[in-house]
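Undergrad: What follows is a protein structure lacking sequence information:
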């Protein structure tokens, strides 16, 4: 017999407590949640179901605070102590708290002091600990970060207890559980794009890059030649690509934008040729709504947007279609993004941006199972920033969405290995293997045949291997 599912939707008037179904797995629970009900279910099930049911309406009405809950990747006592100190603990306390490496570090942002005080009480009762920002310790009205430290069961007990409190407490509790469900992989659903579904949990998917530009940094650009684009697409599919990403605007560091008319002239014939011949998922790599619209009309079923759906009308366009969208983080624009990029806290800023853009997309009518996230490797980051992204990529799983990474032939690899773009296959392979091991669901690459092998081998190590019948 499955667990009894009760779902608590904060932000509206109280409703009678009502059991809406029995569930022993996430898909079963999603199927049985039919209406708001008040009650508590041990995380993660109630909170993930809530995200599918009630949080969508809260986002659209502007009532949901995103606390950006995420499990931190901090290997070793020193790294853990650094994360604890960053929130507000002194050095001695941080090193004491960092000793137990099996305990999770779960960080929340923008927490009000009253909610933080409740978290401290519930953490103590659950056998966990909390570190608060100095602002919160002073009962300052400004919100601040909180770090919950405990094993997964203790964190879930905290979340369950918070769901029994006021509206803010319930929201914090649900978001802790959503983060834990994302971290564990239980929240990851298939990606809907067009009339297709892409399973993200079974194996790593490989996206092949088709640059219909004359100035691709990797030297593989094909400008104004749809026949050549089709031939390249056919080769990439034969090599094992699951997705083809067509782009007509170079985003290499220092590049200037081309006009919308030129981008359309480059991409539309290529998309039409590929979609007219091949049965494959086609993505349009653009930040312009009109380019995306024409590509979708021609058969593309995904928008890969380096600006994170920030252009006016882009969210509305995706919402009105059945296309999926990949939201990427980029500091600045390609022309100036590599001009001494600096971050106070790299992963906090990337995660916060992606979480906010996902909320904006959902509020605009795009279902979460049509969204992917990409940390933007090489887009407004130094070499060390990019390497940190690879090490800590797993933090993005807490969003409960598929994670895309694009390291292929990029300058970080070239600088580390002192290699030209066409000499970076092995460096790309290493970064792809690390990314997959740390949580990537889709890798975006030039050398599809080689990276398909890397993905399959890494999947066998990380997920287990079974000989195909």
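TA: That came through, no problem. Keep in mind that this is a model prediction, so the values were computed, not measured.

Undergrad: didn't residue 322 look like it was pressed against residue 194?
TA: Yes: using C-beta atoms under 8 Å, residue 322 is in contact with residue 194, at 5.4 Å. Backbone N, C-alpha and C define where each C-beta goes, glycine included.

Undergrad: anything in contact with each of the two?
TA: Contact criterion C-beta atoms under 8 Å, 6 or more residues apart in numbering; residues shared by residue 322 and residue 194: residue 301.

Undergrad: Identify each buried residue in stretch 119-135, please.
TA: Of the residues in stretch 119-135, 119-120, 122-123, 126, 128-133, 135 count as buried by neighbour count, 16 or more other C-beta atoms under 10 Å.

Undergrad: For the stretch 1-150 of the chain, which segments are assigned as helices?
TA: Using DSSP state H, counting those that start in this stretch, the helices of the stretch 1-150 of the chain run over 26-32, 45-53, 55-60, 77-87, 91-97, 113-126, 134-137.

Undergrad: Kindly report which one of those carries the lowest mean pLDDT.
TA: Lowest mean pLDDT within these: helix 26-32, at a mean of 35.

Undergrad: Any idea what the residue nearest to the spatial centre of the chain is bridged to?
TA: The centre of the chain sits closest to residue 373, judged by C-alpha atoms, centre = their mean, with a distance of 3.4 Å. Beta-bridge pairing for residue 373 (DSSP bridges): residue 327, residue 403.

Undergrad: Just the pLDDT for it.
TA: As predicted, residue 373 sits at a pLDDT of 98.

Undergrad: got it, and residue 74?
TA: Per the predicted model, pLDDT is 94 at residue 74.

Undergrad: What is the neighbour count of it?
TA: Residue 74 has 20 neighbours, counted by other C-beta atoms under 10 Å.

Undergrad: Hmm, residue 246 and residue 210 touching each other?
TA: Yes: counting by C-beta under 8 Å, residue 246 is a contact partner of residue 210 at 4.8 Å.

Undergrad: who touches both of the two?
TA: Common contacts of residue 210 and residue 246 (C-beta under 8 Å, 6+ apart): 229, 270, 274.

Undergrad: Check which element follows the host helix or strand of the last one along the chain.
TA: So the one you mean is residue 274. Using DSSP states H and E, residue 274 sits in helix 260-277. Moving toward the C-terminus from helix 260-277, the next helix or strand (DSSP H and E) is strand 281-285.

Undergrad: So which elements touch that following strand?
TA: strand 243-247, helix 260-277, helix 289-297, strand 302-305 (3 or more C-beta pairs under 8 Å, 6 or more residues apart in numbering; DSSP states H and E).

Undergrad: Which positions within that strand qualify as buried?
TA: Of all the residues in strand 281-285, those buried under the rule 16+ other C-beta under 10 Å are 281-285.

Undergrad: orientation of it relative to helix 289-297 in degrees?
TA: Orientation check (axes from the mean of the first three to the mean of the last three C-alpha atoms, to 10 degrees): strand 281-285 against helix 289-297 gives 170 degrees.

Undergrad: what pairs with strand 281-285, and is each one parallel or antiparallel?
TA: When pairs are called by DSSP bridges, strand 281-285 turns out to pair with strand 243-247 (parallel), strand 302-305 (parallel).

Undergrad: just to revisit the earlier point, would you turn the shared contacts of residue 210 and residue 246 into a markdown table with neighbour count and pLDDT?
TA: Listed next are those as a markdown table, based on neighbours: other C-beta atoms under 10 Å; pLDDT from 0 to 100:
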| residue | neighbour count | pLDDT |
| --- | --- | --- |
| 229 | 25 | 95 |
| 270 | 31 | 97 |
| 274 | 25 | 98 |
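
Undergrad: tell me which of the residues you listed is nearest to residue 154?
TA: Among those, residue 274 lies closest to residue 154 (C-beta to C-beta), at 50.6 Å.

Undergrad: Excluding chain neighbours, give the residue nearest to that closest one in space.
TA: Leaving aside its sequence neighbours, residue 274 sits nearest to residue 233 (C-beta to C-beta, 6 or more residues apart in numbering; 4.6 Å).

Undergrad: Contacts only, for that neighbour.
TA: 208, 210, 244, 273-274, 277-278, 280.

Undergrad: Apply the buried test to these and list what passes.
TA: 208, 210, 244, 273-274, 278, 280.

Undergrad: Mind picking the two most distant members of these?
TA: The most widely separated members of the buried ones among the contacts of residue 233 are 208 and 273, with 15.1 Å between them, by C-beta to C-beta.

Undergrad: okay, the strands paired with strand 281-285 in JSON lines with mean pLDDT next?
TA: JSON lines is the format used below for these (pLDDT from 0 to 100):
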{"stretch": "strand 243-247", "mean pLDDT": "97"}
{"stretch": "strand 302-305", "mean pLDDT": "98"}
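
Undergrad: Pick the most buried one from those strands.
TA: With neighbours taken as mean count of other C-beta atoms under 10 Å, the strands paired with strand 281-285 reach their highest mean count in strand 302-305, at a mean of 28.

Undergrad: which parts of the next helix or strand after that one are buried?
TA: Following strand 302-305 in sequence order, the next helix or strand is helix 314-320 (DSSP H and E). For helix 314-320, burial by neighbour count (16+ other C-beta under 10 Å) applies to 314-315, 317-319.

Undergrad: ditto for stretch 454-469
TA: Neighbour-count burial for stretch 454-469, counted by 16+ other C-beta under 10 Å, picks out 454-455, 458-459.

Undergrad: Average pLDDT for that stretch, rounded please.
TA: What stretch 454-469 shows for mean pLDDT is 88.

Undergrad: can you check stretch 282-291 too?
TA: 98.

Undergrad: Can you give me the first-to-last residue distance of that stretch?
TA: End-to-end distance for stretch 282-291, by C-alpha to C-alpha, to the nearest Å: 14 Å.

Undergrad: who's in contact with it?
TA: Under C-beta under 8 Å, 6+ apart, the answer for stretch 282-291 is 207, 243-249, 260, 263-264, 267, 271, 274-275, 292, 295-296, 299-307, 310-314, 316-317, 326.

Undergrad: repeat that with 7 Å
TA: Stretch 282-291 has contacts (C-beta atoms under 7 Å, 6 or more residues apart in numbering) with 207, 243-247, 249, 260, 263-264, 267, 271, 274-275, 292, 295, 299-307, 311, 313-314, 317.

Undergrad: how far out from the middle of the chain is that stretch?
TA: Distance of stretch 282-291 from its chain centroid, counting by C-alpha atoms, centre = their mean, to the nearest Å, is 19 Å.

Undergrad: What of stretch 392-411?
TA: Distance of stretch 392-411 from the chain centroid (C-alpha atoms, centre = their mean) equals 7 Å.

Undergrad: Same question for stretch 87-101.
TA: Here the centre of stretch 87-101 is set off from its chain's centre by 28 Å, with C-alpha atoms, centre = their mean.

Undergrad: Same question for it: list its buried residues.
TA: Of all the residues in stretch 87-101, those buried under the rule 16+ other C-beta under 10 Å are 87-89, 94-95, 97-98.

Undergrad: and these as TSV, adding distance to residue 396?
TA: Formatted as TSV, those follow (distance: C-beta to C-beta, whole Å):
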residue	distance to residue 396
87	20
88	24
89	25
94	25
95	28
97	24
98	23
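
Undergrad: Perfect, I'm done here.
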